[in-house]
Structure formats: structure tokens, C-alpha cells
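I'll drop the sequence and a predicted model, then ask my questions.
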Amino acid sequence: MTQWLTDGAPHVWRPYCQMKTAPAPLAVARTEGARIILEDGRELVDGIASWWTACHGYNHPHIAAAVIRQLERAPHVMFGGLAHEPAYRLASRLAALLPGELNHVFFAESGSVAVEISMKMGLQYWINRGVAGRTKFVSFLGGYHGDTLATMTICDPEEGMHGLFADVMPAQHVVALPRDAASEAALDALLTERGHEIAALIVEPRVQGAGGMLLHDDSVLATLRRLADKHGLLLIFDEIFTGFGRTGDLFACSGSGVIPDIVTLSKALTGGTLPLSAAIASRQVFDAFWSDDAGAALMHGPTYMANPLACAAANASLDLFEDGGWKADVARINAALVEGLEPCRGVPGVVDVRTLGAIGVVEFDHAVEAGDLCVRFAERGCWIRPMGKVVYLTPPFVTSDAELARLTGAICEVVAG
């Protein structure tokens, strides 16, 4: 072990693991393209783009140059009462890219916080309109929206990681997605009975990510929009995972043709360079806060919201998306995942193999041992971190065909073994 890892290990609280029994983390020296280079010299192809963030690959020169230029001007300045060009330009560009009237951008630093902000927007929207009692949300089984207190309440209570906190916050309505006539009727009945207490519906469009990489058709989103309109409710899309090309469209809300009232973005917003997120509201939602009454304002303001360095990185990332080359890369990756993961189908214990855009999933009939599998994948030159019952790939869009073959080959070899 390297000295800094040895010295620091007793003091670092690691995420999502029982540190007493988990394998030691791998020491990273640097990154490049789709690869993580370890201190011991090994190179791992990153199969999950650092939790889905590094869509353009690591160390992209265009993003790095933009951050360096901004660092020389102003690395940070508070956003309360001050303005700076990177944030205002980014907000304008996001508004132009998103469909409908999703025009009002509230910046934060993390995905969980963006979702919490969207929930506050949803609650205060009704308060500002003089409607009392709308304090609940409807979310969906298999969903995951973050680890902060409010977001935990809208995650799947069974499949999520937050069972210990079930009694800490008010319970929400977590129900089945309306995939068929029966589940649509059940949701319609719930909204008819309890709509007076519900502020909004919130869903991860197309893919429920950390809840198990569960896919659903765009028809489900159309049903949610129809039911939200029928019962006079807001609809929130959590595109923390699905935004910025991962499903084949720049945004799921654009490709599906279903426009929410609020959308949240993060993960790949800066191309995996710096933390940044946003909750983006429609004109209808924003107008409920536009008032001569100071008390109608949204009283929220993360210290590092709209950080200039992060906004510069995000603008540079959008530059890369503008040329459209990512679409061919996502299609190429999808073809490689379809072919490369197919041998896993039929292996004992595997119940499904599925793909969408630059997402490939092998699902088991049991929870997998993530720590052990990470070690075995690393031995094969890959960084793949399973979760729950799935081993999945969400590689950077710049991943080469040979690197994709290494990733899928490692999964097939380990699964078959």
C-alpha cells in the first residue's frame, strides 16, 4: 500500500461499504480517456464512468482548458447578490436545450440536493398559490433519488439502502409504475383518493438507476403526464442519471416527448470534472414564486451554488455535445454491449440481460457480492462496481471497441466462472 493510503485509511469514512470487512480501495495515480491508472501501474478500463459522470472520458482537454481559464479569473464567488458569466451562459444554454418551458435554472452542487430543491419547489408552489395540505409526493418502486433525508423518503423502501431511517421522516406514497392497465388504474385511484395531499409525482425517466437499472417505456412517462394533468399535480423528472446522452437522447424528457414541470440534472453535467447540479422549473412553476411578497421567494442557497469553475466545465461539456458525435458513440457502445453481454444470458443465476443506449445490465436472482467481484474485475483490467442484484456497464462515450470488449469479456468470464 502507498504511504498516503496507509496513513489516511484510519481517518477516511468510505461510502457504501462496511469498512471493517470491505477490501481496501484501489489507489489511483491518475486518469486518462476511459482508463484509471493505479499507483501500482495497472490500468483499468472504467466501466461505470465514475458513477456515470465522465461521459466524455477523463482529462478531456477542452474541459480542462476551460477550467484553467476560469481558475485564472475567479475560482469562486458567492451567487447571492452577485452574478458571473459562466453560470448565466450555462443557464441560457440549458434552457435552450430542454423542451417546452423548462427555462428557470436553480443551481446546486449535488444530485441529492437538486432533488431536495425540486421537492421544496413542489411544496412551495402550492403554498404560494394558497393551496393548503399538499405535503406528500408520489414516487415509484425501484426508484432511487439520493441519500439526503428528504430524498430517502421517495426511494424504494425495500430495495433501497435507507431502511434504518424509515421512521425518521414522513412517509410518502411509493407505488408501482403504471406499466399496464391494472397499475395505471391503481395509481389513478390513489390520486383520486389522496390527490388533495399530494404536491407532485417524481420519477426517473426511462431508467431507474441505482435501484437496479430498471427500464421502462416512454409510454409510462406519457401515462404519468396524463395522470398528473388529470389530477392537477406537478410532475418531476429526476434525470440525474439519464441526462446528457446516456439513454441515446440528450435528455430523456426530450426524446420521450413528455415534458415535466421540473427536471433535475447532475452527474454528467460537467463531464465528470467538478460537482454541479440543477433543478430546472417550468414557467408555470416559476411564476408561483414571482411576487411582490418577499415571503414567496424560494429561500434556498447552497454555498457553492453556480460555482464558476463548475459552470465553466459544464459549458465546455455542452460544447462537446453540440457537435453531435456522441450519438454515434452511444449507438456504437450499445451495439457492443448487446453483443458482448449476450453470452451471459442463460448462465445459472442470471435472470435478465438488457441494454439501453450506453447502459448494459446483467441481473441476477440474488444480491451479488460487490467487493469480491470488484477485485475479480480489477484482476482482468476493469473497474466495474456491481450493486444489488446487477452487474452493469455505463462506460464513457469515448471508450474504444477494444476497451468495450475487455469490459464485456470480463463480465462474461466472471459470471460464467
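Structure received.

now residue 64: which helix or strand?
Here residue 64, judged by DSSP states H and E, is contained in helix 61-73.

the residue nearest to residue 317 when sequence neighbours are not counted: how many residues sit nearby?
Nearest residue to residue 317, sequence neighbours excluded (C-beta to C-beta, 6 or more residues apart in numbering): residue 271, at 3.7 Å. All C-beta spots, glycine's among them, are computed from the backbone N, C-alpha and C. Other residues near residue 271 come to 29 when the count uses other C-beta atoms under 10 Å.

per-residue confidence at residue 271?
The score at residue 271 is 98. That number is its pLDDT.

cool, and residue 390?
97.

same question, residue 159
So, for residue 159, pLDDT stands at 68.

just residue 266 next, same as before
Residue 266 carries a pLDDT value of 98.

give the contact list for residue 363.
Contact analysis of residue 363 by C-beta atoms under 8 Å, 6 or more residues apart in numbering lists 212, 213, 350, 351, 352, 353, 354, 389, 390.

for residue 245, that is, sorry about that
Counting by C-beta under 8 Å, 6+ apart, residue 245 has contacts 55, 268, 321, 326, 327, 330, 357, 358, 397.

my read is that the third one contacts residue 250, right?
Yes. In this structure residue 321 lies within contact range of residue 250 using C-beta atoms under 8 Å: 6.5 Å.

overlap of the contact sets of the two?
By C-beta under 8 Å, 6+ apart, the residues touching both residue 321 and residue 250 are residue 244.

still on that earlier bit, filter the contacts of residue 363 to the buried ones?
Buried members of the contacts of residue 363, scored by 16 or more other C-beta atoms under 10 Å, are 212, 213, 350, 352, 353, 354, 389, 390.

if we can go back for a sec, got the contact list for the residue nearest to residue 317?
53, 54, 55, 56, 60, 63, 313, 314, 316, 317, 320.

distance of it from residue 316?
In this structure, residue 271 and residue 316 are 7 Å apart, going by C-beta to C-beta, to the nearest Å.

ditto for residue 59
Distance of residue 59 to residue 316, given as C-beta to C-beta: 13 Å.

for the two, indicate the residue with more neighbours.
Neighbour count, other C-beta under 10 Å: between residue 59 and residue 316, residue 316 has more, with 24 against 15.

so the more buried one touches residue 63, yeah?
Yes. In this structure, residue 316 is within contact of residue 63 by C-beta under 8 Å, at 4.3 Å.

give me the low-pLDDT residue ranges for the protein?
1, 159-160 (pLDDT under 70).

just the CA trace of stretch 19-31, in CSV.
C-alpha atoms of stretch 19-31 as CSV (Å, rounded to 0.1, in the frame of the first residue of the first chain):
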residue,chain,number,x,y,z
MET,A,19,-15.2,-0.7,6.2
LYS,A,20,-14.3,-3.4,8.7
THR,A,21,-14.8,-6.2,6.2
ALA,A,22,-14.6,-4.5,2.8
PRO,A,23,-11.5,-4.9,0.6
ALA,A,24,-9.1,-2.0,0.7
PRO,A,25,-9.8,0.7,-2.0
LEU,A,26,-7.5,0.7,-5.1
ALA,A,27,-5.0,3.6,-5.0
VAL,A,28,-5.4,5.8,-8.1
ALA,A,29,-2.5,7.8,-9.5
ARG,A,30,-4.2,9.4,-12.5
THR,A,31,-6.8,9.1,-15.2
